[in-house]
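> have a look at this fold, sequence not included:
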């Protein structure tokens, strides 16, 4: 019985911790969409699974940032990258136009305080 109670508490803790991480990551991406990309009218269709990587080099980040500058025709402000990056794919619709569906992968620093790069899928 004691083992069952401990297992339930561990599962509940893991669930609550995961939800907090997801909320913080989603909020970071939404802030970037609105403040840096200046996309104000959008509706999220799908949030991908949050994962992490150590395999994104500074050269790859520079290429991704350059592509963002070309796409938006201006410099975007990015967060300083950490060694470990979280990433997720987001699908959203701009201006409630289903024909204008966008799929992008966002790379977020380990502290989940800002986007370090993104790519168009």
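Yep, that arrived. Since this is a predicted model, take the numbers as computed values, not measurements.
> state the mean pLDDT of stretch 32-42.
Throughout stretch 32-42, pLDDT has a mean value of 95.
> which of the residues in it are buried?
32, 33, 36, 37, 39, 42 (16 or more other Cβ atoms under 10 Å). C-beta coordinates here come from the backbone N, C-alpha and C atoms, glycine included.
> the residue most central in space within the chain and residue 88: what is the separation?
Among the residues of the chain, the one closest to the centroid is residue 106, at 4.3 Å (Cα atoms, centre = their mean). Using Cβ to Cβ, to the nearest Å, we find residue 106 at a distance of 6 Å from residue 88.
> need the overlap of contacts for those two.
residue 29 (Cβ atoms under 8 Å, 6 or more residues apart in numbering).
> pull out the buried residues from the helix or strand containing residue 59.
Using DSSP states H and E, the element containing residue 59 is helix 58-72. In terms of neighbour count (16+ other Cβ under 10 Å), helix 58-72 has its buried residues at 61, 64, 65, 68.
> please name the residues that touch the last one.
When contacts are counted by Cβ under 8 Å, 6+ apart, residue 68 touches 76, 117, 118.
> do the same with the second one
Taking Cβ under 8 Å, 6+ apart as the criterion, residue 64 is in contact with 107, 117, 118, 119.
> and if you look at the first one?
In this structure, residue 61 makes contact with 81, 107, 116, 117, judged by Cβ under 8 Å, 6+ apart.
> most neighbours among these, please name it.
residue 117 (24 neighbours; other Cβ atoms under 10 Å).
> ranges for the helices of the chain?
Secondary structure of the chain by DSSP state H: the helices cover 2-35, 58-72.
> out of the contacts of residue 61, which are inside strands?
Among the contacts of residue 61, the members falling in strands (DSSP state E) are 107, 116, 117.
> now the residues you listed as TSV including distance to residue 21 and pLDDT?
Output for the ones in strands among the contacts of residue 61, formatted as TSV (distance: Cβ to Cβ, whole Å; pLDDT from 0 to 100):
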residue	distance to residue 21	pLDDT
107	15	98
116	17	98
117	20	98
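> how many neighbours does the closest residue to residue 69 other than its chain neighbours have?
Sequence neighbours aside, residue 75 is the residue nearest to residue 69 in space, at 5.8 Å (criterion: Cβ to Cβ, 6 or more residues apart in numbering). Using other Cβ under 10 Å, residue 75 has 10 other residues around it.
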